[in-house]
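J.: Structure of the sequence below:
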Amino acid sequence: MTVESRDDPDFDRITPKPVPGRRFTLIELLVILGIIAILIALLIPARRGAPNAARRAQCVNNLKQIALALHNYEQTYNCLPPAHTVDAQGRPLHSWRTLILPYLEQDQLYKTIDLSKPWDDPANAKARETSVPVFQCPSASTGPSNMTTYLAIVAPGSCFLPETSRRLAEIADGQSSTLMLIEAGEEQAIPWMAPTDADMALVVGLGQGSGLHHSGGTNACTVDGYVHFLKASTPADVRRALVTISGDEKVSADAW
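T.: Next up is the predicted model:
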């Protein structure tokens, strides 16, 4: 048997045979490219949505910290803070947000505030302009850093009362089914020191056209400190039931 050698000059003239294989047709190639494009399109929104999810999680954490501070205040004074303090003439002075500063590790800021003078008095100007991150939703649009959309609900029969304090024992409907705080829309943002909060009309009216920070609804905190996502589609009667502390209304678990 003759074995060809690479030294044989005829060896170089041998043409290698192509390896048998199946080639993609133009249609198949276009289908593959289309699938790749769809996968890329699906992945991009997911990556863009990740920061939004992180901001919403931080917003939830902010409300939990505020609720914990309110409960620590209650343990000290055996009642929740009033929605705001008043002077001798009954004029609003300071918000509950100011009163719970020591329970949010903001003792130094709290000590700079003159509680005997209104929140917008020149004596409180420096404190008023100070940013308190826990009072600001990370999804809030760029604006003054001393603004907040975390509001207490102050309405007839609600958890908070103007001027006076509410004891937790008064909440007959149960802490897990009574709203305490709500995240309002961007158009309702206020300076965190302002003695201004949400009334029943605001709670009932919060919807998709309210400049909400989170798509589809808003964060809301019940008295037990749990943060729920209140859907923009939640009916008005359900919202009213969630606000009252002793209406004996039955609120189903799918209200959120």
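J.: where do the helices sit along the stretch 51-200 of the chain?
T.: Counting by DSSP state H, counting those that start in this stretch, the stretch 51-200 of the chain has helices at residues 96-99, 107-111, 125-129, 200-205.
J.: Dump the third one to PDB, restricted to CA.
T.: Listed next in PDB are the C-alpha coordinates belonging to helix 125-129 (Å, rounded to 0.1, in the frame of the first residue of the first chain):
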ATOM      1  CA  ALA A 125     -35.300  79.100  58.800                       C
ATOM      2  CA  LYS A 126     -32.100  77.000  59.000                       C
ATOM      3  CA  ALA A 127     -33.900  73.900  60.300                       C
ATOM      4  CA  ARG A 128     -36.700  74.400  57.700                       C
ATOM      5  CA  GLU A 129     -34.300  74.300  54.800                       C
END
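J.: Name the surrounding residues that touch it.
T.: The contact list for helix 125-129, computed with CB atoms under 8 Å, 6 or more residues apart in numbering, reads 109, 112-113, 119-120, 146, 191, 193. To be clear about C-beta, it is placed using only N, CA and C from the backbone, and glycine gets the same treatment.
J.: So which of those are in strands?
T.: Counting by DSSP state E, the contacts of helix 125-129 place Pro191 in strands.
J.: Now, of the contacts of helix 125-129, which are buried?
T.: 109, 113, 119, 146, 191, 193 (16 or more other CB atoms under 10 Å).
J.: pLDDT score for the fourth one?
T.: Listed pLDDT for Asn146 reads 95.
J.: mind listing what it touches?
T.: Residues in contact with Asn146 (CB under 8 Å, 6+ apart) are 128-132, 191-193.
J.: do the last one as well
T.: Counting by CB under 8 Å, 6+ apart, Met193 makes contact with 94-95, 97-98, 113, 119-120, 124, 127-128, 146.
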